[in-house]
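Novice: coords please:
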Amino acid sequence: SARRLPMKRAESDCRREMGGFFDERHKSVEREGFSEPARFLLDADRQNAGVCLSSGWEKGVYPSDTFLKESLAAGEATALYADGKIAAAMVLNHQYNDGYREIGWNVHADPSEVLFVHALGVMPDYQRRGLAKIMVQEAIRTAGLQKQAAVRLDVLNGNAPALRLYESCGFEYRGTVKMFYEDTGWTDYLLYELVL
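Specialist: Sure thing, here's the model as predicted:
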């Protein structure tokens with residue numbers, strides 16, 4: 001697809017500049033009962049680190065320990081390594097907020113045919129280096145490999161950096177819906193879709 005971004009080039013740039021690489025999906029190094037992607041998300045949460053694209057993170061609320069453990073057990077966490085450490089992580093699965101049902105999507109597809117992006121975060125030491133874009137490109141690449149019809153996500157209203165990022169990666173705004181999440185309560189979210 002012309003809209004798909006060149007993941008191999010992005011990965012090699014990251015390796016050359018930062019020594020980073022994506023782990024193989026469903027494979028992680030266990031530490032203290034969590035895989036590294038989950039540990040990254042928990043550590044970023046605990047640090048209240050202003051994690052890129054994830055305003056509103058709150059320890060024990062979002063992302064919750066239960067969500068992280070379940071995502072790990074299901075093999076849904078993906079991590080980007082740099083300098084031998086996890087620099088960024090996200091969860092990719094087929095789960096979505098009920099508010100997604102209120103949107104007129106470009107592609108009418110069963111949830112099993114759509115990849116949803118959750119809890120994308122970049123550790124503070126690695127922010128402003130383009131890693132969030134690499135993670136979004138990896139989500140798109142993964143969806144393509146899985147023969148998904150689309151990638152969808154939501155963005156908290158007012159999160160301008162996230163909006164610019166997703167739009168620069170080819171995502172299209174589909175509408176605004178008031179949705180409930182534990183960390184924000186009922187508030188407006190902008191929903192985006194990239195058709196593959």
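
Novice: any buried residues in the longest helix seen in the chain, and which?
Specialist: Using DSSP state H, we find that the single longest helix of the chain is helix 131-145. Neighbour counts over helix 131-145 (16 or more other Cβ atoms under 10 Å) mark 131-143 as buried. Backbone N, C-alpha and C define where each C-beta goes, glycine included.

Novice: okay, and the helix or strand of this protein with the least pLDDT?
Specialist: Sorting the helices and strands of the chain by mean pLDDT, DSSP states H and E puts helix 7-18 at the bottom, at a mean of 34.

Novice: still on that earlier bit, give me the next element, helix or strand, following the longest helix of the chain.
Specialist: The first helix or strand that comes after helix 131-145 along the chain, using DSSP states H and E, is strand 150-156.

Novice: what residues does the helix or strand just after that following strand touch?
Specialist: Counting by DSSP H and E, the next helix or strand C-terminal to strand 150-156 is helix 160-168. Contact partners of helix 160-168, identified using Cβ atoms under 8 Å, 6 or more residues apart in numbering, comprise C52, L53, A132, K133, V136, L153, V155, L156, Y173, L190, Y192.

Novice: now with 10 Å, please.
Specialist: For helix 160-168, the external contacting residues (Cβ atoms under 10 Å, 6 or more residues apart in numbering) are 5, 52-55, 117, 120, 127-128, 130, 132-133, 135-136, 151, 153-157, 159, 171-173, 190, 192-194.

Novice: which elements pack onto the helix or strand that comes right after it?
Specialist: Proceeding N to C from helix 160-168, the next assigned helix or strand is strand 172-181, under DSSP H and E. On a contact count with 3 or more Cβ pairs under 10 Å, 6 or more residues apart in numbering; DSSP states H and E, strand 172-181 meets strand 150-156, helix 160-168, strand 185-195.

Novice: can you do 7 Å?
Specialist: For strand 172-181, the packing partners by 3 or more Cβ pairs under 7 Å, 6 or more residues apart in numbering; DSSP states H and E come out as strand 185-195.

Novice: state the mean pLDDT of the strand it packs on.
Specialist: For strand 185-195, mean pLDDT is 95.

Novice: go on, stretch 99-110?
Specialist: For stretch 99-110, the per-residue pLDDT averages 96.

Novice: now do the buried residues in that stretch.
Specialist: Neighbour-count burial for stretch 99-110, with 16+ other Cβ under 10 Å as criterion, is recorded at G99, Y100, I103, W105.

Novice: now those in TSV, with distance to E182?
Specialist: Formatted as TSV, the buried residues of stretch 99-110 follow (distance: Cβ to Cβ, whole Å):
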residue	distance to E182
G99	14
Y100	17
I103	21
W105	25
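
Novice: right, I'll call it a day here.
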